[in-house]
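Q: Model the following, please.
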Amino acid sequence: MIISLAERRLRFMITLTYRIETPGSIEALANKIASDQSTGTFVPVPGETEELKARVAARVLAIQPLEDAERPTWPEVATGVARLKRADVDIAFPLDAIGTDLSALMTIAIGGVYSIKGMTGIRVVGMKLPEAFKDAHPGPQFGIAGSRRLTGVEGRPIIGTIVKPALGLRPHETAELTGELIESGVDFIKDDEKLMSPAYSPLKDRIAAIMPLILDREQKTGKKVMYAFGISHADPDEMMRNHDLVLRAGGNCAVVNINSIGFGGMSFLRKRSRLVLHAHRNGWDILTRHPGAGMDFKVYQQFWRLLGVDQFQINGIRVKYWEPDDSFVESFKAVSAPLFDPSDRPLPVAGSGQWGGQAPETYRRTGQTTDLLYLCGGGIVSHPGGPAAGVRAVQQAWQAAVAGIPLDEYAKDHPELAASIAKFSNGKAA
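A: Below you'll find the predicted structure:
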């Protein structure tokens, strides 16, 4: 097969798609982004030769006009403007100019664009990376297959829950609740992302109280519940010490607040880690909540997958937060699609106010897959029959969803599900 010069160049290009909103010229702003974020500045400079620009300058590949915006994303920029034009603009950056360093990619292709004058809004809605990024970064160590192997769950979602209250429980109190959850038959338990190592519940004491219960249950039944301990810390060395505490005690999973520890912290941890890394994206909403600014999840998640998260929380259907269902569905699709090959997919984690009631729609809207961790807090621990009944109710809801049986009908022969519907169908499982 003969490959054209243009196709060969694209194989060594990093392509970003920007959704530009402006009262001025889309074309002029597209060219300004390409220039300002590569070789140019606000005036011609010595040394910016045609040869140099041919090697490392970004270039505009395509402009796709969109419907005009009804109101500006940044209103102070467009006082009195009658028309706000919008377009999706593809801009390619030569790999030679950025390399495969993710901090360079974020700085050059994303970080600076928000400060450019003349726009009333800009959002990064797409990113295509060349094959060179595959070999430059480790990706998930465990991902979907490893999470299933370690939990012993096949053919259905991994069912998980969260220790509640989120904050305030001391180690012996956390262990008491965890003991109930372990006996319930749940597959996965996690610390709330807000719990790391506070004075009233140091991580080492929490591990010492919880892990013997998990290991004892494993000895008796052969099933080892996966418990994700909160190990995040701003100091990578301290975070690694937290990792080692979990590992030495026989644990196999950790919660990592990815936005708090940053690219460097995640890279440091992943290169040394022997635990499943469960990514919580708190703080993500700052980057995406306004549809005319920030970035899409399908862009954001690529960075963290390359850095090596194994499980990725992405909210769920009918969540207790602001995010609409369509956003969850798009996030699920993005995180489930291979970047380069199927092995680089983390396990999607549906959470936030979940109980069995969302199972049918989750199953339908995610392409009828059971490759997910279905995470229920109050939807399990607040079941009127206790945590064990809560776990069975969620399992029954998923059985009904996969079989295509309405929940109300399935509940006639499944009392745990019936009790769950009676309590949580008002939407208050959070």
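Q: Name all residues that make contact with the residue nearest in space to the middle of the chain.
A: The residue lying closest to the centre of the chain (C-alpha atoms, centre = their mean) is residue 312, at 4.3 Å. Going by C-beta atoms under 8 Å, 6 or more residues apart in numbering, residue 312 touches 279, 281, 301, 304, 305, 335, 346, 347, 348, 349. Backbone N, C-alpha and C define where each C-beta goes, glycine included.
Q: Among those residues, which are located in strands?
A: 279, 347, 348, 349 (DSSP state E).
Q: Where does pLDDT dip in the protein?
A: Counting by pLDDT under 70, the ranges of the chain that qualify are 1-11, 39-55, 76-81, 427-430.
Q: quick one, longest helix in it?
A: helix 203-221 (DSSP state H).
Q: which strands and helices sit next to that one?
A: The contact analysis (3 or more C-beta pairs under 8 Å, 6 or more residues apart in numbering; DSSP states H and E) places helix 203-221 against helix 171-183, strand 226-230, helix 236-248.
Q: Which stretch among these is buried most, on average?
A: Ranked by mean neighbour count, the helices and strands packed on helix 203-221 are led by strand 226-230 with a mean of 26 (mean count of other C-beta atoms under 10 Å).
Q: got the angle between that strand and helix 236-248?
A: 160 degrees (axes from the mean of the first three to the mean of the last three C-alpha atoms, to 10 degrees).
Q: Contact partners for residue 38?
A: With C-beta under 8 Å, 6+ apart, residue 38 has these contacts: 56, 57, 58, 93, 97, 108.
Q: what's the most distant pair in the residues you listed?
A: Between any two of these, the greatest separation by C-beta to C-beta is 11.8 Å, found for 57 and 108.
Q: Between those two, which contacts overlap?
A: 38, 97.
Q: the helices in the stretch 1-150 of the chain, which residues?
A: 5-10, 26-36, 50-56, 95-98, 102-105, 132-136, 143-151 (DSSP state H, counting those that start in this stretch).
Q: The residue nearest to the centre of the chain falls within a strand, correct?
A: Yes - per DSSP: H, G, I helix; E, B strand; the rest coil, residue 312 lies within a strand segment.
Q: shouldn't residue 130 be in contact with residue 93?
A: No - using C-beta atoms under 8 Å, residue 130 makes no contact with residue 93, being 10.3 Å away.
Q: Mind checking which of the two has more residues around it?
A: Taking other C-beta atoms under 10 Å, residue 130 and residue 93 do not tie; residue 93 has more neighbours (21 against 15).
Q: Next, find the distance separating the more buried one from residue 294.
A: Computed as C-beta to C-beta, to the nearest Å, the residue 93 to residue 294 distance reads 20 Å.
Q: what does residue 22 give?
A: For residue 22 relative to residue 294 (C-beta to C-beta), the value is 17 Å.
Q: ok, those two, which is more surrounded?
A: Per other C-beta under 10 Å, whichever of residue 22 and residue 294 has more neighbours is residue 22, with 25 against 22.
Q: Tell me what that one is bridged to.
A: Listed beta-bridge partners, residue 22: residue 85 (assigned using DSSP bridges).
Q: is it true that it touches residue 116?
A: No - counting by C-beta under 8 Å, residue 22 does not reach residue 116; the two are 10.0 Å apart.
Q: Which residues are in contact with each of those two?
A: Common neighbours of residue 22 and residue 116 (criterion: C-beta under 8 Å, 6+ apart): residue 29.
Q: about what we covered before: which among the ones in strands among the contacts of residue 312 end up buried?
A: Among the ones in strands among the contacts of residue 312, those classed as buried by 16 or more other C-beta atoms under 10 Å are 279, 347, 348, 349.
Q: who's in contact with the residue lying closest to the first one once chain neighbours are set aside?
A: I take that to be residue 279. Leaving out its chain neighbours, the residue that sits closest to residue 279 by C-beta to C-beta, 6 or more residues apart in numbering is residue 309, at 3.9 Å. Residue 309 sits next to 140, 256, 258, 266, 277, 278, 279, 346 when contact means C-beta under 8 Å, 6+ apart.
Q: can you tell me how far residue 309 sits from residue 169?
A: On the measure of C-beta to C-beta, residue 309 and residue 169 end up 26 Å apart.
Q: Repeat that for residue 98.
A: With C-beta to C-beta as the criterion, residue 98 and residue 169 are 46 Å apart.
Q: close enough to count as contact, residue 406 and residue 400?
A: Yes - the criterion here is C-beta under 8 Å, and residue 406 meets it with residue 400 at 7.2 Å.
Q: quick one: which of those two has more around it?
A: Using other C-beta under 10 Å as the criterion, residue 406 and residue 400 rank with residue 400 on top: 22 against 10.
Q: So that one sits against residue 417, correct?
A: Yes - using C-beta under 8 Å, residue 400 is in contact with residue 417, at 7.5 Å.
Q: any residues in contact with both of the two?
A: Listed as contacting both residue 400 and residue 417 by C-beta under 8 Å, 6+ apart are 407, 410.
Q: Contacts only, for residue 171.
A: Contacts for residue 171 were tallied using C-beta under 8 Å, 6+ apart; they are 201, 202, 205, 206, 208, 209, 210.
Q: can you do 7 Å?
A: 201, 205, 206, 209 (C-beta atoms under 7 Å, 6 or more residues apart in numbering).
Q: next one: residue 58
A: Going by C-beta under 7 Å, 6+ apart, the list of residues near residue 58 reads 34, 37, 38, 91, 92, 93.
Q: give me that answer again for 10 Å
A: Residue 58 makes contacts with 13-16, 31, 33-40, 91-94, 97-98, 108-109, as judged by C-beta atoms under 10 Å, 6 or more residues apart in numbering.
Q: Apply the buried test to these and list what passes.
A: Neighbour-count burial (16+ other C-beta under 10 Å) applied to the contacts of residue 58 gives 13-16, 31, 33-40, 91-94, 97-98, 108-109.
Q: Any chance of the contacts of residue 312 in JSON lines with distance to residue 273 as columns?
A: Listed next are those as JSON lines, based on distance: C-beta to C-beta, whole Å:
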{"residue": "279", "distance to residue 273": "12"}
{"residue": "281", "distance to residue 273": "18"}
{"residue": "301", "distance to residue 273": "19"}
{"residue": "304", "distance to residue 273": "14"}
{"residue": "305", "distance to residue 273": "15"}
{"residue": "335", "distance to residue 273": "19"}
{"residue": "346", "distance to residue 273": "14"}
{"residue": "347", "distance to residue 273": "16"}
{"residue": "348", "distance to residue 273": "20"}
{"residue": "349", "distance to residue 273": "18"}
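Q: Can you tell me which of the residues you listed lies closest to residue 360?
A: Using C-beta to C-beta, residue 348 comes nearest to residue 360 of these, at 17.2 Å.
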